[in-house]
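**Student:** The sequence isn't on hand, but the structure is:
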Ligand code: 26V
């Protein structure tokens, strides 16, 4: 479709008139944003229809990415970019006296995810559409996204994220495609035509209504679908009038209890809590998703006993792993297929991605709770497990340890990861190291049992959002230097490495960063009323707050620098601004203390102007989100990726920074290792223990955090400041941090890696002084970042797992 400036102007004015009966002078920015969003959706609607029709007619295999989280962020800028009309639209609006940037800022983030796992799902959707892969998202339409974070007096305060308040122009409600979901009740079996049939009775039935959002591919006609399900009562028209007063409010209570299923995203990404509502959400998602898929294929006359030729389902972490049992239920109970046939089809369809090896995050459900809510699903899991345990016993007779270790049901609990592994044909980790740890450690028994099932798919990020959209200045330099083919084929970014020593390009890269930094300083002044020196090194750690990510290590190094400066005010260091950003799970007390600690350090340092002479500045950016990431990452000189080796499955922020020309300071953890392999040792700063050292300390249990405290006077001073009054807060304020280090023996080896980290930070300071060398490193990082485009990752999923 050809769209020029004239069309856009006319269509936009039309849209404003029909929607609001307002002209440009009258309309608020909110209305202008809505009118533009509606218009952009309209521009994509022909292709959306054609894509769907094509899929239906050709019956090509389609992928369904099942995820409890899709951390999409804003869509306006991204959709304009992928439609190829962003510049035209910007000019058209500007001729009408409207700033596109301002309108983009109006959009609420779709924050339907916690962090890496949810953002990965969003990047994958973008790549699938851009690569013309028939791949759709299946998730929940949470009424409240991840909470908004305010920082009040240094503490995190959570505010509900009412992102749908003003409406959402991108979604379309498809009430005619609703399905029914059954909870509770009881199951009994009868004989019918010589076979056993299962009758589910006395259940409660609710309605799942899909809302579809177009996923527009870049520079292609493909428009895929993100289908998010909304929980509703079956009959919205309770005859309230006939109820007396008491029953009326009871009826409303009932309605609320049903709707609560899609009301709120669980904000915890660290600990499994075992909440009934979460279990309901998970079943709601998989049942709605699979029922609608099966209905679709029956409608287009696909033989259901060949469903595996037509679909692939990716299970994003264990959260949707009940998909295995739900598909079995549909095939057996509703399509009258045999167990064996159903199981073969199911495992052929399903594949599972693991995103964490932290044992506290592995999902387990108490049998009693599960059975009561999902009696038929429980029966099916029991049967899957019975057959699986039989196989284990056949293979390893008399090995009870193995049997207990591998069983799906054990000790009164259902282990969802085991269900996902048994019910899938592929299990993948998200970076080389992570997959290796799964295969040789955490899931060793399973890997031995199912040789060939385990594989690696290193994560990726969409370079369209994280480079083209987030960093237009760098994009322009890249296009002028190596052409624009890299946008379609990100591996072509490699060509940029030929310019690593080109002084002219080095200079341009430096200018881009400087301009981005100045923009950010202006933004920070406007939004937070803070002054930042754009000529300082921007050192950035933005990610969820978690002990293993070690924001504390970063903060300790800052305090150390501060104490050094106090002692020697003429210490020669390059001015640095340390940025932090990230949310803590509301119930994760230690993580919240770390936020308060960072803010306390910030107050202390930023207010000590005499001692610091503008050399140190610490800023905690509130409410880290996709849209804030898009602003801060293009300004970063230094990317902090400092998790304890073996704990970060992959990380994806690391890739976003690299792509924007930041230098990474990193441990040998997750995808950092692969970034190092790509850029070479001389273009990344590595420090700290490697996996062998961490594993050996963990296994031998011979780490003594106290020794580091007593033998390193810097650490002693820093740790003492947690509990004396030197930071001007109550001495009990940080007692949990203190005890996590000295009494609980520093689980994540902050003290152990401290010395190595400070040296790595000194190295950064030194390197930055040599402008040419630094710029050369930046160029190498940008040039080598193409392999971390999610396009590459998705191509591997498509070829090796989905076979599409
Ligand atoms: C975990 C849990 C635990 C139980 C309660 C609810 C809940 C909700 C979300 C999660 C997700 C944690 C897993 C996760 O986000 N992993 C991250 O996945 C990224 C993408 O693969 C990866 O880059 C990060 O290293 C990994 O931490």
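**Tutor:** Happy to help now that I have it. Computed from a prediction, not measured in an experiment: that's the story for all the values here. Numbering: from 1, shown residues only.
**Student:** Please point out which parts of the host helix or strand of residue 767 sit buried.
**Tutor:** Assignment of secondary structure by DSSP states H and E places residue 767 within helix 750-769. Of the residues in helix 750-769, those buried by neighbour count under the rule 16 or more other C-beta atoms under 10 Å are 750, 751, 752, 753, 754, 757, 758, 760, 761, 764, 767, 768. C-beta coordinates here come from the backbone N, C-alpha and C atoms, glycine included.
**Student:** out of those, who's nearest residue 572?
**Tutor:** Residue 572 has its nearest neighbour among the buried residues of helix 750-769 in residue 768, at 12.3 Å by C-beta to C-beta.
**Student:** immediately after the lowest-mean-pLDDT helix or strand in the chain, which helix or strand?
**Tutor:** The helix or strand of the chain with the lowest confidence, counting by mean pLDDT, DSSP states H and E, is helix 609-612 at a mean of 78. Scanning forward in sequence from helix 609-612, with DSSP H and E defining helices and strands, the next element found is strand 616-621.
**Student:** Tell me the helix or strand right after that following strand.
**Tutor:** On the C-terminal side of strand 616-621, the nearest following helix or strand under DSSP H and E is helix 626-632.
**Student:** now the helices: where do they sit in the stretch 101-250 of the chain?
**Tutor:** Listed in chain order, the helices found in the stretch 101-250 of the chain under DSSP state H, counting those that start in this stretch are 116-130, 245-259.
**Student:** For this protein, list the residues in contact with the ligand, please.
**Tutor:** By the criterion of C-beta under 6 Å from any ligand atom, the positions of the chain lying close to the ligand are 114-117, 120, 266, 268-269, 272, 317, 355-356, 361, 430, 459, 648-652, 670.
**Student:** Let's see that with 8 Å instead.
**Tutor:** With C-beta under 8 Å from any ligand atom as the criterion, the chain meets the ligand at residues 68-69, 114-120, 266, 268-273, 278, 317, 319, 353, 355-356, 361, 363, 430-431, 434, 459, 544, 648-652, 670-671.
**Student:** Give me the buried subset of the residues you listed.
**Tutor:** Burial by neighbour count, judged by 16+ other C-beta under 10 Å, picks out 68-69, 114-120, 266, 268-270, 272, 278, 317, 319, 353, 355-356, 363, 430-431, 434, 459, 544, 648-652, 670-671 from the residues of the chain next to the ligand.
**Student:** So which of those residues belong to strands?
**Tutor:** When those are checked against strands using DSSP state E, the ones located there are residue 353.
**Student:** what is the mean pLDDT for stretch 34-53?
**Tutor:** pLDDT averaged over stretch 34-53 equals 98, rounded to a whole number.
**Student:** and that stretch, how far from the chain's centre?
**Tutor:** How far stretch 34-53 lies from its chain's middle: 26 Å, per C-alpha atoms, centre = their mean, to the nearest Å.
**Student:** the longest strand in this structure is where?
**Tutor:** Identified as the longest strand of the chain according to DSSP E is strand 204-216.
**Student:** Just checking: what are the partner strands of it?
**Tutor:** When sheet partners are counted by DSSP bridges, strand 204-216 sits next to strand 172-173 (antiparallel), strand 179-183 (antiparallel), strand 223-232 (antiparallel).
**Student:** Contact partners for whatever residue of the chain ends up closest to the ligand?
**Tutor:** Of all residues in the chain, residue 116 sits closest to the ligand, at 2.8 Å by C-beta to the nearest ligand atom. Contacts for residue 116 (C-beta atoms under 8 Å, 6 or more residues apart in numbering) come out as 355, 459, 543, 544, 649, 650, 651, 652, 653.
**Student:** Mind doing that once more with 10 Å?
**Tutor:** Neighbouring residues of residue 116 by C-beta atoms under 10 Å, 6 or more residues apart in numbering: 69, 71, 269, 355-356, 430, 459, 543-544, 648-653, 670.
**Student:** what's the lowest-pLDDT member of these?
**Tutor:** Across the contacts of residue 116, the smallest pLDDT goes to residue 269, namely 77.
**Student:** any idea how far the nearest residue to it once chain neighbours are set aside is from residue 359?
**Tutor:** Sequence neighbours aside, residue 114 is the residue nearest to residue 269 in space, at 3.9 Å (criterion: C-beta to C-beta, 6 or more residues apart in numbering). Computed with C-beta to C-beta, to the nearest Å, the distance linking residue 114 and residue 359 is 18 Å.
**Student:** Buried ones in stretch 405-414, by neighbour count?
**Tutor:** Taking 16+ other C-beta under 10 Å as the neighbour-count basis, stretch 405-414 is seen to contain the buried residues 406, 407, 408, 409, 410, 413, 414.
**Student:** cool, and stretch 510-529?
**Tutor:** 510, 512, 513, 516, 517, 520, 521, 523, 524.
**Student:** helix/strand/coil for the third one?
**Tutor:** When you say that, I think you mean residue 513. Assigned by DSSP: H, G, I helix; E, B strand; the rest coil, the conformation of residue 513 is helix.
**Student:** same thing with the fifth one?
**Tutor:** Under the three-state scheme (three-state DSSP), residue 517 adopts helix.
**Student:** so who does it touch?
**Tutor:** 532, 533, 534, 535, 536, 537, 538, 577, 634, 635, 636, 637.
**Student:** Could you say which of the helices of the stretch 101-250 of the chain is packed most deeply?
**Tutor:** Among the helices of the stretch 101-250 of the chain, helix 116-130 has the highest mean neighbour count (mean count of other C-beta atoms under 10 Å), at a mean of 26.
**Student:** In terms of secondary structure, what does the strand or helix carrying residue 598 contact?
**Tutor:** Assessed by DSSP H and E, residue 598 sits inside helix 589-607. Taking 3 or more C-beta pairs under 10 Å, 6 or more residues apart in numbering; DSSP states H and E as contact, the helices and strands that helix 589-607 lies on are strand 145-152, strand 155-161, helix 551-567, strand 576-581, helix 609-612, strand 616-621, helix 713-723, helix 735-742.
**Student:** rerun that using 6 Å as the cut-off
**Tutor:** Contact analysis of helix 589-607 by 3 or more C-beta pairs under 6 Å, 6 or more residues apart in numbering; DSSP states H and E lists strand 155-161, helix 551-567, strand 616-621, helix 735-742 as its packing neighbours.
**Student:** among those, which is the most enclosed?
**Tutor:** Counting by mean count of other C-beta under 10 Å, the most buried of the helices and strands packed on helix 589-607 turns out to be strand 616-621, with a mean of 22.
**Student:** who does it pair up with?
**Tutor:** Each strand pairing with strand 616-621, determined using DSSP bridges, is listed with its direction: strand 576-581 (parallel).
**Student:** quick check: angle from the partner strand to strand 145-152?
**Tutor:** Strand 576-581 and strand 145-152 meet at an angle of 140 degrees, taking axes from the mean of the first three to the mean of the last three C-alpha atoms, to 10 degrees as the criterion.
**Student:** any idea of the mean pLDDT in strand 576-581?
**Tutor:** Rounded mean pLDDT across strand 576-581 is 98.
**Student:** Return the subset of the buried residues of stretch 405-414 lying in strands.
**Tutor:** Secondary structure from DSSP E places 409, 410, 413, 414 of these in strands.
**Student:** what number of residues lie near the closest residue to the third one other than its chain neighbours?
**Tutor:** If you skip the residues right next to it in sequence, residue 413 has residue 364 as its closest partner in space, 4.3 Å away by C-beta to C-beta, 6+ apart. In terms of burial, residue 364 registers 19 neighbours under the definition other C-beta atoms under 10 Å.
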